[in-house]
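Engineer: After the sequence you'll find the predicted model.
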Amino acid sequence: MDIRVADLENPEVLALLREHLASLAPTAPTESRHALDLSGFRSADVTFWSIWDGQMLAGFGALKQLTASHAEVKSMRTATSHLRQGVASRMLRHLVQEAAARGCSRLSLETGSMAFFDAARRLYASFGFVPCPPFGSYKADPNSVFMTMQLTESQGN
């Protein structure tokens, strides 16, 4: 599988992004949904990657730079055709390595507290993310779980 900075004009990427946002809509009230939309992914502080299995889009993920030493995992998604094939793990490993290579000492994320997000929370925990208080501009919310991990230089290799 090949991970590369995504073309935000690619119809396949846009379709998966629309599917992602539509799947999140019923999970929480609007004010509790923090997934980025297309304009958010185009922000200068966000890098958006896609992961490809040959010519097939397998998923995407993004990293938002919060400070020089703190980044956030944003909006990871695996295409339905590639569920349970290690796509999310590959993307998360890439995001962890990229954050460490950028000199970040901390990587955090926000995800949902509902059963819909159980698999995501298990994946994050398996990588060493632990619960934490809200960070950045987030506020405490019963629909959100906040997680963080400390990074080392060796993770950037």
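Structural biologist: Structure's in. What do you need?
Engineer: contacts, neighbours, all on C-alpha from now
Structural biologist: Fine.
Engineer: What strands flank the longest strand along the chain, and is each parallel or antiparallel?
Structural biologist: Ranked by residue count, the top strand of the chain under DSSP state E comes out as strand 56-67. Using DSSP bridges, the strands paired with strand 56-67 are strand 46-53 (antiparallel), strand 70-78 (antiparallel).
Engineer: okay, those, which one's buried deepest?
Structural biologist: Among those, ranked by average contacts under mean count of other Cα atoms under 10 Å, first place goes to strand 70-78 (a mean of 23).
Engineer: what sits up against the helix or strand that it is followed by?
Structural biologist: As assigned by DSSP states H and E, the chain's next helix or strand after strand 70-78 is helix 87-101. Identification of contacts with helix 87-101 by Cα atoms under 8 Å, 6 or more residues apart in numbering yields 3, 51, 58-63, 71, 73, 76-78, 107, 123, 151-157.
Engineer: could you flag which of those residues are buried?
Structural biologist: The neighbour-count criterion (16 or more other Cα atoms under 10 Å) marks 3, 51, 58-63, 71, 73, 76-78, 107, 151-152, 156 among these as buried.
Engineer: Kindly reformat the strands paired with strand 56-67 as a markdown table containing distance to Gly136.
Structural biologist: Below are those laid out as a markdown table (distance: least, Cα to Cα, whole Å):
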| stretch | distance to Gly136 |
| --- | --- |
| strand 46-53 | 14 |
| strand 70-78 | 9 |
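Engineer: how about TSV for these, with mean pLDDT added?
Structural biologist: Shown next, in TSV, are these (pLDDT from 0 to 100):
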stretch	mean pLDDT
strand 46-53	96
strand 70-78	94
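Engineer: Figure out how far stretch 125-144 is from the centre of its chain.
Structural biologist: The chain centroid and the centroid of stretch 125-144 are separated by 13 Å, computed with Cα atoms, centre = their mean, to the nearest Å.
Engineer: Please save the CA atoms from that stretch in CSV.
Structural biologist: Listed next in CSV are the C-alpha coordinates belonging to stretch 125-144 (Å, rounded to 0.1, in the frame of the first residue of the first chain):
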residue,chain,number,x,y,z
ALA,A,125,-5.1,2.5,22.7
SER,A,126,-3.1,-0.3,21.0
PHE,A,127,-0.7,2.4,19.7
GLY,A,128,-0.2,3.8,23.2
PHE,A,129,-2.8,6.6,23.2
VAL,A,130,-4.3,7.2,26.7
PRO,A,131,-7.3,9.3,27.8
CYS,A,132,-6.6,12.9,28.5
PRO,A,133,-8.4,16.1,29.2
PRO,A,134,-9.7,18.2,26.3
PHE,A,135,-6.8,19.9,24.4
GLY,A,136,-6.6,22.9,22.0
SER,A,137,-9.9,24.5,21.5
TYR,A,138,-12.0,21.4,22.6
LYS,A,139,-14.3,21.6,25.5
ALA,A,140,-15.4,18.7,27.8
ASP,A,141,-18.3,16.9,26.0
PRO,A,142,-20.0,13.6,27.0
ASN,A,143,-20.0,12.7,23.2
SER,A,144,-16.2,13.0,23.0
